[in-house]
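> Dropping the sequence and predicted coords here.
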Amino acid sequence: MSVQRRVTKRRGQTRQRLLDAALVVFAAEGFGRSTIEQICDRAGYTRGAFYSNFASLEELFLAMWEQHSHRMLAEVEAALDAARTAGVDDVRTAVERLLEAVPVDDDWYRVTAEFSAHALRNPALRRVVVAREEAIAAAIVPGIEALLNRIGRRVPDPVALGQALVAVHDGTAVQCLMEPGGPAVRRRVDLFEQVVLAYSVESRG
């Protein structure tokens, strides 16, 4: 039993080092120009170690995306819980709290933007990406709904709100990255606030 735990732990460490190396390589080279050899060299492993964990670069990216999403969702949940505990009672402050949990990340944006373009050329992969984005939005929206309910607003169409928030995040991220510290950063908060207001209504009674 103890031997099996050590093997499992070592395998997990190998997998994590490959995931960490892939993020660096993808961000620097672009998904389409990255190779398994580059990732293995960065992680300090052989191709055998790669193929014992992943079948392809696409599978590795999806595993990296899933890990990043779990971490982001945990941070969003913590931010929403903190906002409720603090008694946040206006949409603007709620939006500011939420955006603190999902900051614009240069490396992650470049990696996901290029992979999305790659997925658009592959129908099967595109369906996987769409399903995962829907799952992320579905996981985030209930917490936002709960906070809005405390503020006195309800969400008639949670799916539409989730899609709108993802679209605003992706669209404003590139603007903020192109002009760090510029007006796009402030406008990002403004736009998120307007989207939340547009997709929610005042609760009756």
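Perfect, thanks for sending it.
> Look up the pLDDT of the residue nearest the centre of the chain for me, please.
In the chain, the residue lying closest to the centroid (Cα atoms, centre = their mean) is residue 69, at 4.5 Å. Looking at residue 69, its pLDDT is 90.
> Might you report the residue contacts of it?
By Cβ atoms under 8 Å, 6 or more residues apart in numbering, residue 69 lies in contact with 132, 136. Bear in mind the C-beta positions are built from the backbone N, C-alpha and C, glycine included.
> rerun at 6 Å
Contacts for residue 69 (Cβ atoms under 6 Å, 6 or more residues apart in numbering) come out as residue 136.
> Could you check how far it is from residue 102?
Using Cβ to Cβ, to the nearest Å, one gets 11 Å for the distance from residue 69 to residue 102.
> now swap in residue 135 and tell me
16 Å.
> And residue 24, by the same measure?
21 Å.
> CA atoms only: put stretch 29-36 into CSV for me.
Output of stretch 29-36 as CSV, limited to C-alpha atoms (Å, rounded to 0.1, in the frame of the first residue of the first chain):
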residue,chain,number,x,y,z
GLU,A,29,5.7,29.9,-28.5
GLY,A,30,2.0,29.7,-29.2
PHE,A,31,0.0,26.6,-29.1
GLY,A,32,0.4,25.8,-32.8
ARG,A,33,4.2,26.1,-32.7
SER,A,34,4.8,24.3,-29.4
THR,A,35,6.1,20.7,-29.4
ILE,A,36,6.1,17.9,-27.0
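> I'd like the distance from it to the chain centre, please.
Chain-centre distance of stretch 29-36: 20 Å, with Cα atoms, centre = their mean, to the nearest Å.
> which parts of it are buried?
30-31, 34, 36 (16 or more other Cβ atoms under 10 Å).
> How about stretch 85-102?
88, 91, 94-99, 101-102.
> for stretch 66-79, same thing?
The neighbour-count check on stretch 66-79 (16+ other Cβ under 10 Å) flags 68, 72-73, 76, 79 as buried.
> Same question for stretch 47-55.
Neighbour-count burial for stretch 47-55 [16+ other Cβ under 10 Å]: 49-50, 53-54.
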